[in-house]
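# when you get a sec, could you give me coordinates for this:
(chains A and B)
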Amino acid sequence: MRPILLQGHERALTQVKYNKDGDLLFSVSKDHVICVWYSQNGERLGTYNGHQGAVWTIDPNPSSTILASGGADNTIRLWDMKTGKLFKTWEFPTAVKRVEFTEDGLFVLGTTEERMGHLGTIVVYPVNPDIEGEQVNEPSLRIVCETKKKAVVAAWSYLGKYIIAGHEDGSVSQYDGKTGEQLLNVPVHERGMLIMDMQMSADKTYFITASKDKSAKIIDVKTLNILKKFETDTPLNTAALTAKKEFVILGGGQEAMNVTTTSARQGKFEARFYHKIFEDEIGRVRGHFGPLNTIAVHPAGVSYASGGEDGYVRLHHFDKGYFDFMYEVERTRAQH
Amino acid sequence: MASQRREWAEDEEFDDPNALPQNQVISNPDGTKTTITYRLSDSGKKIKTTRKIKISVVKERVNPRVAERREWAKFGREQGHPPGPDMSTTTVGENILFKPSLQWKAVEKEEEATGALKTQLKDKKVSCRICQGDHFTARCPFKDTLAPVGEAPPDESRPDSPDLGAGGGATGGSYVPPHLRNKGKDAGAGSSSFNAGRERDDLATLRVTNLSEFAEEQDLRDMFERFGRVTRVFLAKDRDTGRAKGFAFVSYQDRLDAQRACEKMDGFGYGHLILKVEFAKRSQ
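Residues are numbered from 1 along each chain as shown, chains lettered A, B, ... in the order given. The predicted model follows:
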């Protein structure tokens, strides 16, 4: 497996994401720039310039025409994916930490920080798929989180039925996607341990969370029951579910502020592969020399990209050994 | 009319010394193409680059949406750049061996251990002072019989000719460093009985030099066995490359055989080189 190194950013990566067809890879970092790459060969297609601060999050819409991004300049921006043109900006009182489109691409949600007297919120905007058309100015839904319980990450469930949010106190909430009413709130991670990342499965019926409490959990969308639990020895920043193979990839490492005091080996800056069902660790991929901030898996499961605090995106195309790996039970089952 | 005719000296055909020849593209019969390009280097030298290119078409079926996006023009910081990955942003990393397995921890530990041993020995080269082999001097098969290779002065002070030793060290053909000049005398005079037990061995040992680096121990054995029973053959090899270092020791059971072999094999052609065979010198 020969990784492709993408050096488009000058500062720490904050999120990487594939589009739905998996041919494009988007990366954002604290250096204000959004990059888009061809996932096949690592060629940079372009950059989206306009953010005035660190870009925290990004999401391409399902038809790969519009790109939404949110950043520390307190805006959510919509871009024409093909030309890199900015066509809509929504402003907020605080930074935006997460944006995500619904499966039909008609709504986008965003989470805003709790800061300077403003409470953390989850906002939902309808999006006009026509880039030339008019976009609304006001959110269709606004969920306000309790104090000290801002939503860090949020995602849509299947059919946009629920909004699932991960909070800074380690709990996960389920809101009604239409009314914004809080239906459930379950403390899944240790109290006070930030949920750093949340990624939905392909069918959006379950999701994986990564937390500073050194564990990742797979949780059912409907009941918020914990289905699987992956314990590691380092704070986690990101967790991803792989397609095609039943694995999860976890990334993390020493906190960025402590990195200089430890060697790369001790820093545990590796992507860890766990078996999704059996919860065993089955391997690690080294390469970054800073903590992994974000991991994304190709929707077809053929490659994965990881972005680190070191400013690099490493794009790995899996080779045969990866696809061949099977547990004994899987193998006997496959033979029958 | 006359004014229109140009002097031959003004002819533009006249070669500019810096003019570069036309680039060439030659199609080879095996389907490859050879392109020859010329350019000027920074120091003004002409550089001819010949590339042989084989174009293989890899067909891949993709979603039409994906195919359409492949054609998108570059924008933002990439605006105007030609298609294809740019070396300044896209590079290929080192190969990573990633094979998922339940025992990955054990496998990794093993690799680490061997890696650590290697790095430990990386800058410490073990080299025998006697035969330059890749073992410690104490383990050298010739430690009792031979002098260290580099510092060995021709030590003629064999116990069977002690009178020759005293003079030979100083007046012999080759130079003997002062700190070694008396040693031969001492050994000859003082500890001849100590060495007596070992002398049979080194009396029958030949030193073969000017060996080719592709020499094999078995070849040597075959060659030297023609003259008598060979008790051991030692071919010095480089421990990194595994190739011969150019010398070997051959021990015979009988000194007469060794004597004969020495006479016959000195000057014998082996490989592409002429062997030099002499009696090995004793260690001190």
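# leaving out sequence neighbours, find the closest residue to the closest residue to chain B within the stretch 51-200 of chain A.
Per Cβ to the nearest Cβ, A:Gly84 is where the stretch 51-200 of chain A lies closest to chain B, at 3.9 Å. (C-beta placed from N, C-alpha, C; glycine too.) Take A:Gly84 and drop its neighbours on the chain: the residue closest to it by Cβ to Cβ, 6 or more residues apart in numbering or on different chains is B:Phe75, 3.9 Å away.
# now do the contacts for that neighbour.
A:45-47, A:83-84 (Cβ atoms under 8 Å, 6 or more residues apart in numbering or on different chains).
# tell me how many other residues surround the residue in the stretch 101-250 of chain A positioned nearest to chain B.
Distances between the stretch 101-250 of chain A and chain B by Cβ to the nearest Cβ are smallest at A:Phe247, namely 7.5 Å. As a burial measure, A:Phe247 scores 22 neighbours (other Cβ atoms under 10 Å in any protein chain shown).
# ok, A:Val329 next?
Per other Cβ under 10 Å, the neighbour tally for A:Val329 reads 10.
# check contacts around the residue nearest to B:Gly269 when sequence neighbours are not counted.
Leaving out its chain neighbours, the residue that sits closest to B:Gly269 by Cβ to Cβ, 6+ apart is B:Leu275, at 7.4 Å. Listed by Cβ under 8 Å, 6+ apart, the contact partners of B:Leu275 are B:208-211, B:265-269.
# which parts of the stretch 51-200 of chain B are strands?
Across the stretch 51-200 of chain B, reading from the start of the chain, the strands by DSSP state E, counting those that start in this stretch fall at B:90-92.
# ok, back up a step: between the contacts of B:Phe75, which is closest to B:Arg229?
Of all those, A:Leu45 has the smallest distance to B:Arg229: 77.6 Å, by Cβ to Cβ.
# was I right about B:Tyr252 contacting B:Glu225?
No. B:Tyr252 lies out of contact with B:Glu225 (Cβ atoms under 8 Å); the separation is 9.5 Å.
# more crowded one of those two?
Comparing B:Tyr252 with B:Glu225 by neighbour count (other Cβ under 10 Å), the higher total belongs to B:Tyr252, at 25 against 15.
# show me what that one bridges to in the sheet.
With beta bridges defined as DSSP bridges, B:Tyr252 has these partners: B:Val230.
# show me what from the stretch 201-336 of chain A comes close to chain B.
Proximity of the stretch 201-336 of chain A to chain B is assessed by Cβ under 8 Å from any Cβ of the partner chain, with A:247, A:273, A:280-287, A:314, A:316, A:318-319, A:321-322, A:325, A:327 identified as the residues in range.
# out of the residues you listed, which are buried?
Members of those that pass the buried threshold by neighbour count (16 or more other Cβ atoms under 10 Å in any protein chain shown) are listed as A:247, A:273, A:281-285, A:287, A:314, A:316, A:318, A:322, A:325.
# and the residues you listed as a markdown table, adding pLDDT and secondary structure?
Below are these laid out as a markdown table (pLDDT from 0 to 100; DSSP: H, G, I helix; E, B strand; the rest coil):
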| residue | pLDDT | secondary structure |
| --- | --- | --- |
| A:Phe247 | 93 | strand |
| A:Phe273 | 93 | strand |
| A:Glu281 | 90 | strand |
| A:Ile282 | 90 | strand |
| A:Gly283 | 89 | strand |
| A:Arg284 | 89 | strand |
| A:Val285 | 90 | strand |
| A:Gly287 | 86 | coil |
| A:Arg314 | 94 | strand |
| A:His316 | 94 | strand |
| A:Phe318 | 92 | coil |
| A:Tyr322 | 88 | helix |
| A:Phe325 | 87 | coil |
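# between which two of these is the distance greatest?
Looking at those by Cβ to Cβ, the two members farthest from one another are A:Arg314 and A:Phe325, with 20.5 Å of separation.
# just to revisit the earlier point, beta partners for the residue nearest to A:Gly84?
Note on B:Phe75: beta-bridge partners by DSSP bridges are A:Gly46.
# ok, now which ones touch the closest residue to B:Gly84 other than its chain neighbours?
In space, and not counting its chain neighbours, B:Gly84 is closest to A:Glu43: 6.3 Å by Cβ to Cβ, 6+ apart. For A:Glu43, the residues meeting the contact criterion (Cβ under 8 Å, 6+ apart) are A:37, B:83-86, B:90.
# swap in A:Glu309?
With Cβ under 8 Å, 6+ apart as the criterion, the residues that contact A:Glu309 are A:12-13, A:253, A:256, A:259, A:288, A:290-293.
# helix, strand, or coil at the closest residue in space to it that isn't next to it in sequence?
In space, not counting the residues next to it along the chain, A:Glu309 is nearest to A:Gly290; the distance is 3.3 Å by Cβ to Cβ, 6+ apart. For A:Gly290, the secondary-structure state derived from DSSP: H, G, I helix; E, B strand; the rest coil is coil.
# what's the burial count for the closest residue to chain B within the stretch 1-150 of chain A?
Ranking the residues of the stretch 1-150 of chain A by distance to chain B (Cβ to the nearest Cβ) places A:Thr47 first, at 3.2 Å. Counted with other Cβ under 10 Å, the burial measure for A:Thr47 works out to 21 neighbours.
# for the stretch 1-150 of chain B, which segments count as helices?
Assigned by DSSP state H, counting those that start in this stretch, the helices in the stretch 1-150 of chain B fall at B:64-70, B:104-122.
# near the residue of the stretch 51-200 of chain B found nearest chain A, how many other residues are there?
Across the stretch 51-200 of chain B, no residue is closer to chain A than B:Gly76, which sits at 3.2 Å (Cβ to the nearest Cβ). Close neighbours of B:Gly76, defined as other Cβ under 10 Å, add up to 19.
# wait, doesn't it sit right on A:Gly84?
Yes. Counting by Cβ under 8 Å, B:Gly76 sits close enough to A:Gly84 to count as a contact (4.7 Å).
# shared neighbours, these two?
Shared contacts of B:Gly76 and A:Gly84, counting by Cβ under 8 Å, 6+ apart, come down to A:46-49.
# among those residues, who's most crowded?
Taking other Cβ under 10 Å to define a neighbour, the member of these with the most is A:Tyr48, carrying 26 neighbours.
# residue numbers of the stretch 101-250 of chain B in contact with chain A?
Proximity of the stretch 101-250 of chain B to chain A is confined to B:101-102, B:104-105, B:108 under the rule Cβ under 8 Å from any Cβ.
# if you rank the residues you listed by neighbours, which is first?
When those are compared by neighbour count (other Cβ under 10 Å), B:Trp104 ends up highest, at 17 neighbours.
# quick check: closest non-adjacent residue to that one.
Distances taken as Cβ to Cβ, 6+ apart place A:Gly283 nearest to B:Trp104, at 4.6 Å, with adjacent residues excluded.
# correct me if wrong: that neighbour contacts B:Leu102.
No. Counting by Cβ under 8 Å, A:Gly283 sits too far from B:Leu102 to count as a contact (9.3 Å).
# pLDDT wise, what is residue 156 at?
Chain wasn't specified; assuming chain A. A:Trp156 is assigned a pLDDT of 94 by the prediction.
# I was thinking of chain B, sorry if that wasn't clear
You'll see B:Glu156 listed with a pLDDT of 45.
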